[in-house]
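S.K.: Next comes the sequence, and after it the predicted model I'd like to discuss.
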Amino acid sequence: MSEPTDLPTDELSGQIDLRVGAYAIVHDERGVLLSHWQDGAHGGWTLPGGGMEPGEHPEATVVREVREETGYDVRVDAILGVGSILISGADRLTGPGHDLQGLRIVYRCTIIGGELAVEQDGSTDDVGWFTLDEIARLERVELVDEGLAFVGLALPGPAIDPTWK
């Protein structure tokens with residue numbers, strides 16, 4: 001893994017919104033569990049997870065989000081890593097505004113109950129199990145590649161991520 005660096009600040013507006021999220025790597029004999037998010041014309045495959053609620057512990061966030069997005073109950077086994085992304089205010093999906101820094105905590109999780117189900121009335125519209133070869137061909141956010149790298153599962157080629165910005 002590369003050394004962490006500060007994010008470039010030469011093009012920042014001076015005001016940055018911070019979003020902290022918790023995400024899961026669930027990997028077993030079925031493959032890797034991914035969810036598909038959709039926001040208007042934007043979407044892609046991602047790790048199950050999402051933003052923390054005020055006062056919520058990140059481990060509780062990942063358990064809640066995996067349940068909402070996939071139908072599975074999970075146990076948090078380990079923290080794998082922390083990533084950071086910077087999105088300029090001009091590129092925000094919600095329209096021009098403040099710059100956004102996303103802090104993303106990735107956990108290894110194991111399924112302990114539930115059954116595969118697509119979230120209803122939420123930010124995701126599909127969920128499934130994928131082999132590494134299948135993931136390499138998916139339109140996905142770079143968080144998928146980053147999370148897989150945390151557990152030593154590298155994919156060939158760069159993330160296919162045309163709709164993130």
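M.R.: Good, I have the coordinates.
S.K.: for residue 133, phi and psi?
M.R.: With angles defined as degrees, to the nearest 10, residue 133 sits at phi -60, psi -40.
S.K.: Residue 131 now?
M.R.: According to degrees, to the nearest 10, residue 131 has phi -80, psi 170.
S.K.: Residue 29 is in contact with that one, correct?
M.R.: No. In this structure, residue 131 is not within contact of residue 29 by C-beta atoms under 8 Å, at 10.7 Å. (C-beta placed from N, C-alpha, C; glycine too.)
S.K.: between these two, who's got more neighbours?
M.R.: residue 131 (10 against 5; other C-beta atoms under 10 Å).
S.K.: and the residue nearest to that one when sequence neighbours are not counted, how many residues sit next to it?
M.R.: In this structure, residue 131 finds its nearest non-sequential neighbour in residue 31, 4.8 Å apart by C-beta to C-beta, 6 or more residues apart in numbering. As a burial measure, residue 31 scores 16 neighbours (other C-beta under 10 Å).
S.K.: cool, residue 141 as well?
M.R.: 22.
S.K.: before we move on, what about residue 69?
M.R.: Applying other C-beta under 10 Å, we find 28 residues neighbouring residue 69.
S.K.: does it count as helix, strand or coil?
M.R.: With DSSP: H, G, I helix; E, B strand; the rest coil as the basis, residue 69 sits in helix.
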